[in-house]
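Novice: Sequence first, then the predicted structure, then my questions.
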Amino acid sequence: MSEAIWDSFIETMLAPGLALVDPEHRIYEEEYRKFLLRNITHGDQLNEIDGYYLLPGFEPESARYAYDNFEFKQGDVIISTYPKTGTTWMTAIVQNILYIRDPKFLEQASKISLFFSYMEFGPVSKYRVTENLKVPRRFFGTHLPEPLVNTKKIRKSGAKVIYMMRNPKDRAVSWYNFVQSLPMSSHKALEPIFPKDMRTFLDVCFSGKQKSFAKDGEGYFECLKEWYKHNSEENFRIVVYEELKMNPHAEIKKIADFLDEKLTDEEVNKIVENTSFTAMKQRAEAGGTQRKGGMQMFRTGNIGGWKNHLTVAQSELVDRKFKEVLGDTDIEFIYE
């Protein structure tokens, strides 16, 4: 990705969020730009917090601030995901559910980037903006493992958590393609955990040696198990990527009901239209967050594409690891 493209991308990361706060809360704007330039284009080291590893840009200090200091409140929505399980899609759906009756604000809110909405992304100073965003209902995202999120504080506040779950084989293929579009994939220091060769990449991924939002030797299954223990709690809901893909109207209605937002059938239809894969990809390309030679947030979004990429041995390895880690749960994945 060229320097000019990254400069434009960084602008799209910052400008929409900064536009939703008063001028006195924008004092660290230059610091934010330097942070993004340093971590997105040049970041070549994983960050570590309590034995868990985070990608460049995802900061232990910000994660700790969110855990210890940030105050959640009634009406807040936290979208928790492991990377490439439908994060961007669920964020768009939640935004539409919350703001569908205010199209102008929906357009503004949909441009708020992970820099200001993800609890652990960016420097702690970004909370000067995050805590003062002028939004009627706040939404946040996180890739953090459950032990690093203050779920007790969230539950007590009355905020609600949506956890997105996707079959691990399609997730891994999507993860490979996404990582290859990031500058960090070209850094030699990270080459052992993010190889260019797809088969080798998937081997590392499935072996638990990628150390992405997990401990060394662990990965998606372990993170899913940690979050799944909240499944029976009133403020927590798991959404299955494949079920949402196959029946978006019914699933979006369930999500809206969970968030205490009563939608008409017409509004549900509009949200389905707004958050279709095609519509979101077109908006990302038009808005500069996805472009040729840059970060690829959207590829196909289909179910079952893993069959064209995983070897039989890799598929069987995933099945074995599923039984080892999640065999004592009632979790079932949809693979096609």
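Specialist: Noted; the coordinates are in hand.
Novice: Can you spell out which helices and strands pack onto the helix or strand of the chain with the lowest mean pLDDT?
Specialist: None of the helices or strands of the chain scores lower by mean pLDDT, DSSP states H and E than helix 277-287, at a mean of 79. Contact partners of helix 277-287 among helices and strands, from 3 or more Cβ pairs under 8 Å, 6 or more residues apart in numbering; DSSP states H and E: helix 87-99. To be clear about C-beta, it is placed using only N, CA and C from the backbone, and glycine gets the same treatment.
Novice: quick one: the helix it packs on to helix 277-287, angle?
Specialist: 90 degrees (axes from the mean of the first three to the mean of the last three Cα atoms, to 10 degrees).
Novice: Give me the nearest residue to the residue nearest in space to the middle of the chain, chain neighbours excluded.
Specialist: The chain has residue 87 as the residue nearest its centroid, 3.7 Å off, counting by Cα atoms, centre = their mean. Nearest residue to residue 87, sequence neighbours excluded (Cβ to Cβ, 6 or more residues apart in numbering): residue 81, at 4.3 Å.
Novice: again, but for residue 65
Specialist: Spatial nearest neighbour of residue 65, excluding adjacent residues (Cβ to Cβ, 6+ apart): residue 124 at 5.0 Å.
Novice: Could you check how far the one you found is from residue 23?
Specialist: When Cβ to Cβ, to the nearest Å is applied, the distance between residue 124 and residue 23 equals 20 Å.
Novice: re earlier: mind listing what the residue nearest to residue 65 touches?
Specialist: Residues near residue 124 by Cβ atoms under 8 Å, 6 or more residues apart in numbering: 59, 61-62, 65.
Novice: what do you get for residue 110?
Specialist: 92, 95, 283.
Novice: Please repeat the previous calculation with a cut-off of 10 Å.
Specialist: Listed by Cβ atoms under 10 Å, 6 or more residues apart in numbering, the contact set of residue 110 reads 16, 91-92, 95-96, 99, 274-275, 280, 283, 287.
Novice: Strands along the protein, start to end?
Specialist: 47-49, 52-54, 77-80, 139-142, 160-165, 214-215, 236-240 (DSSP state E).
Novice: Now do the longest one against strand 236-240, angle only.
Specialist: Interaxial angle, strand 160-165 versus strand 236-240 (the same axes, to 10 degrees): 30 degrees.
Novice: Return the alpha-carbon coordinates of strand 160-165 using CSV.
Specialist: This file holds the C-alpha atoms of strand 160-165, laid out as CSV (Å, rounded to 0.1, in the frame of the first residue of the first chain):
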residue,chain,number,x,y,z
LYS,A,160,-25.3,-5.5,26.5
VAL,A,161,-22.8,-7.8,24.8
ILE,A,162,-23.1,-9.4,21.4
TYR,A,163,-20.6,-12.2,20.6
MET,A,164,-20.2,-13.2,17.0
MET,A,165,-19.4,-16.9,16.2
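Novice: any idea of the mean pLDDT for that strand?
Specialist: What strand 160-165 shows for mean pLDDT is 98.
Novice: re the thing from before, list the buried residues for the least confident helix or strand of the chain?
Specialist: Residues of helix 277-287 classed as buried by neighbour count (16 or more other Cβ atoms under 10 Å): 280-281, 283-284.
Novice: and if you look at stretch 27-41?
Specialist: Residues of stretch 27-41 classed as buried: 28, 32, 35-36, 39-41 (neighbour count, 16+ other Cβ under 10 Å).
Novice: So which residues make contact with that stretch?
Specialist: Contacts for stretch 27-41 (Cβ under 10 Å, 6+ apart): 1, 3, 6-7, 9-11, 13-15, 17-18, 26, 43, 45, 47, 55-59, 113, 115-116, 121-129, 182-184, 295.
Novice: Can you flag which of the residues you listed belong to helices?
Specialist: Using DSSP state H, the members of those that fall within helices are 3, 6-7, 9-11, 13-15, 17-18, 115-116, 127-129.
Novice: what residues are up against residue 322?
Specialist: 167-168, 220-221, 224, 329, 331-333.
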